[in-house]
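[1] Based on what follows, work out the 3D shape:
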Amino acid sequence: MKAAYLYGDSTPSPLTVDFIAFLKDAIDFAVYALHCGRRIEDWKQRASLFSEITEIDVERVRALATESLAVLDALRRTRATREWGAPQRRSDTESSR
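    Just a heads-up that it's a prediction; the model follows:
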């Protein structure tokens, strides 16, 4: 059985929908949708920030790798020079004792 809706003066209404409840639900939904939209914008900003931070970190790691390779190359060249008979400081100081 359908619920009967009444006008403010208690006369019967032909309405079949509770518009006051519908309006409340519509406003609740609108508030929830706006809240979700704001959260989405916040997450987009955070994602953009994390992307920028990641790019900076990648550049730092690349610089560290380049620097590390340069140090290792210098060490390799130093060891190769010593292996071919170049004087070594430790040997020079030991022989002067």
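[2] Would you point out which residue is most central in the protein?
    residue 50 (3.3 Å; C-alpha atoms, centre = their mean).
[3] Which helix or strand contains that one?
    Using DSSP states H and E, residue 50 falls within helix 19-83.
[4] ok now that helix, how far from the chain's centre?
    How far helix 19-83 lies from its chain's middle: 4 Å, per C-alpha atoms, centre = their mean, to the nearest Å.
[5] Which secondary structure elements does that helix sit against?
    Using 3 or more C-beta pairs under 8 Å, 6 or more residues apart in numbering; DSSP states H and E as the contact test, no helix or strand touches helix 19-83. C-beta coordinates here come from the backbone N, C-alpha and C atoms, glycine included.
[6] hang on, the earlier thing: what distance do you get for the residue nearest to the centre of the chain to residue 66?
    Separation of residue 50 from residue 66 (C-beta to C-beta, to the nearest Å): 25 Å.
[7] Same check on residue 5?
    Taking C-beta to C-beta as the measure, residue 5 falls 77 Å from residue 66.
[8] Looking at those two, which is more packed in?
    Here residue 5 and residue 66 are compared on neighbour count by other C-beta atoms under 10 Å; more neighbours surround residue 5, at 14 against 10.
[9] which ones are touching the more buried one?
    Taking C-beta atoms under 8 Å, 6 or more residues apart in numbering, we find residue 5 in contact with 12, 13, 15, 16, 18.
[10] quick one, phi/psi of the first one?
    Dihedral angles phi and psi of residue 12 (degrees, to the nearest 10) take the values phi -60, psi 150.
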